[in-house]
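Student: Below are the sequence and a predicted model; questions follow.
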Amino acid sequence: MECKEVKDRLVTEYLKIECSRLDRRIRSLKNPKVEQALLQFKNSRLAHMRKAHLDGIRNPQYTDDAIFQALETMDLDHIFEKAGSLYNSQQQDESKKDSLDETDFTVVALLDWFKNDFFRWVNKPPCPVCRSEDESRIRMVGSARPTSEELSYGAGVVEVFNCDHCSCAIRFPRYNDPRKLLRTRAGRCGEWNNCFLLCLKALGLKARCVRNVEDHVWSEYYSEHLKQWVHLDSCENAFDQPELYCKGWGKKMSYCFAFDDTLIEDVSAKYITQGRLPKMLDDETIRICLYFFNQEALKMVSENTEAFYSALVKYHRCLSANRKENGSRSRAVNASLTSLLPRQSGSASWTSERGENGL
């Protein structure tokens with residue numbers, strides 16, 4: 001019997017044992033306590049996180065077509081050239097040698113290109129008629145229903161502004177489809193993050209979205225070199241600075257959840273290091289709910305029972321690894337590139353209203 005065949009048999013037997021153990025655990029959790037936990041989650045302000053989880057599974061945005069469009073749009077020569085230069089500079093410094101690898105520096109270069117050369121922040125949209133960009137003469141007057149075309153690109157909300165120069169009504173659809181965002185190249189943190197995640201995935205990186213209940217969103221990618229999920233904020237050009245929001249912005253937060261293509265994970269401990277707002281639900285309730293949400297998600301994407309249990313085993317391994325990571329402080333290997341500043345994106349009045357101006 002060949003070595004590979006022996007290995008395959010051993011893996012199969014291991015999966016059978018693991019699946020049996022997990023199945024017993026799943027059945028043991030189906031009790032009134034679990035039903036109560038799920039009801040509490042449903043009736044809390046966290047319910048929209050569950051909706052975002054399901055929407056991401058049912059309507060995947062980062063398709064092969066979207067990735068192809070991203071690769072056609074990105075300035076890859078510039079990104080790779082800068083990444084190589086940064087890596088070579090690091091390797092010449094003995095105190096920093098091998099802190100990051102070439103892939104990590106590719107992400108650093110992508111952040112810089114995306115922030116400074118590609119995407120544009122929008123406080124108020126410019127007037128399409130008189131071309132005025134004078135924000136003091138452009139006033140938000142309300143919202144409108146999206147058109148069928150706007151809806152097709154995921155714009156659930158359309159903000160409406162009025163130009164005092166020419167009295168034109170200005171529509172600002174809040175698009176979610178990253179393919180559309182590759183063309184508009186403008187928006188606020190939601191648009192920035194959706195498009196940036198597409199660029200990460202186009203480079204073949206394992207990336208996920210992180211949502212804060214108090215209205216901010218950013219990214220993480222898994223660094224094979226660092227063996228951990230690394231914080232990224234394209235709006236701020238921030239790399240591996242999970243304490244940016246608490247210590248730089250002064251933002252008060254209650255929960256942060258990470259979403260990959262299938263699973264949702266509570267990463268609050270990683271990002272909320274001080275001044276945490278009161279928890280809406282206790283830790284055990286959150287743990288039970290996420291466990292069941294992820295089971296359901298794995299069933300939705302698995303073609304058969306064997307695939308489901310195989311994915312469930314991998315999920316538990318991932319949970320174990322992430323608990324170890326979240327229990328220790330991020331390495332913050334790139335602290336010298338971006339200090340912990342108050343929020344840089346958005347107008348001063350807007351960041352002040354949101355409690356993100358560092359005060």
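Tutor: Thanks, I have the structure now.

Student: tell me the centre residue of the protein?
Tutor: residue 209 (1.5 Å; C-alpha atoms, centre = their mean).

Student: can you pull the pLDDT of that one?
Tutor: Residue 209 carries a pLDDT value of 96.

Student: And the residue nearest to it when sequence neighbours are not counted, what's its pLDDT?
Tutor: Sequence neighbours aside, residue 259 is the residue nearest to residue 209 in space, at 4.8 Å (criterion: C-beta to C-beta, 6 or more residues apart in numbering). The C-beta positions use only the backbone N, C-alpha and C, and glycine is treated the same way. pLDDT for residue 259: 93.

Student: What about residue 259, how many residues nearby?
Tutor: Residue 259 sits with 22 neighbouring residues when counted by other C-beta atoms under 10 Å.

Student: swap in the one 4 residues further on?
Tutor: Neighbour count of residue 263, defined by other C-beta under 10 Å: 21.

Student: quick one: the helices in this structure?
Tutor: Ranges of helices within the chain are 3-29, 32-42, 47-58, 64-73, 76-91, 102-113, 148-152, 178-184, 189-202, 268-271, 283-301, 305-326, 348-353, based on DSSP state H.

Student: Dump the ones you listed to CSV, plus distance to residue 218 and mean neighbour count.
Tutor: Below are the helices of the chain laid out as CSV (distance: least, C-beta to C-beta, whole Å; neighbours: other C-beta atoms under 10 Å):
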stretch, distance to residue 218, mean neighbour count
helix 3-29, 32, 11
helix 32-42, 23, 14
helix 47-58, 14, 15
helix 64-73, 19, 15
helix 76-91, 20, 15
helix 102-113, 11, 22
helix 148-152, 25, 12
helix 178-184, 15, 20
helix 189-202, 6, 24
helix 268-271, 9, 21
helix 283-301, 19, 17
helix 305-326, 16, 15
helix 348-353, 15, 13
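
Student: Could you dump the ones you listed into a markdown table with mean pLDDT and distance to residue 254 added?
Tutor: A markdown table is the format used below for the helices of the chain (pLDDT from 0 to 100; distance: least, C-beta to C-beta, whole Å):
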| stretch | mean pLDDT | distance to residue 254 |
| --- | --- | --- |
| helix 3-29 | 61 | 25 |
| helix 32-42 | 84 | 14 |
| helix 47-58 | 86 | 11 |
| helix 64-73 | 96 | 32 |
| helix 76-91 | 96 | 36 |
| helix 102-113 | 97 | 27 |
| helix 148-152 | 95 | 31 |
| helix 178-184 | 97 | 28 |
| helix 189-202 | 97 | 18 |
| helix 268-271 | 94 | 8 |
| helix 283-301 | 85 | 11 |
| helix 305-326 | 62 | 16 |
| helix 348-353 | 89 | 18 |
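
Student: will you turn those helices into CSV that also has distance to residue 127?
Tutor: Shown next, in CSV, are those (distance: least, C-beta to C-beta, whole Å):
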stretch, distance to residue 127
helix 3-29, 56
helix 32-42, 43
helix 47-58, 33
helix 64-73, 26
helix 76-91, 32
helix 102-113, 28
helix 148-152, 19
helix 178-184, 16
helix 189-202, 20
helix 268-271, 38
helix 283-301, 43
helix 305-326, 46
helix 348-353, 20
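
Student: so which of the ones you listed gets nearest residue 225?
Tutor: Nearest of the helices of the chain to residue 225, taken as C-beta to C-beta: helix 102-113 at 5.8 Å.

Student: Can you name every helix or strand that that closest one contacts?
Tutor: helix 76-91, helix 189-202, strand 216-223, strand 228-233, strand 238-239 (3 or more C-beta pairs under 8 Å, 6 or more residues apart in numbering; DSSP states H and E).

Student: And those: which comes nearest residue 160?
Tutor: Comparing the helices and strands packed on helix 102-113 by C-beta to C-beta, helix 189-202 comes nearest, at 17.3 Å.

Student: packing partners for that closest one?
Tutor: Against helix 189-202 (3+ C-beta pairs under 8 Å, 6+ apart) you get helix 64-73, helix 102-113, helix 178-184, strand 207-212, strand 216-223.
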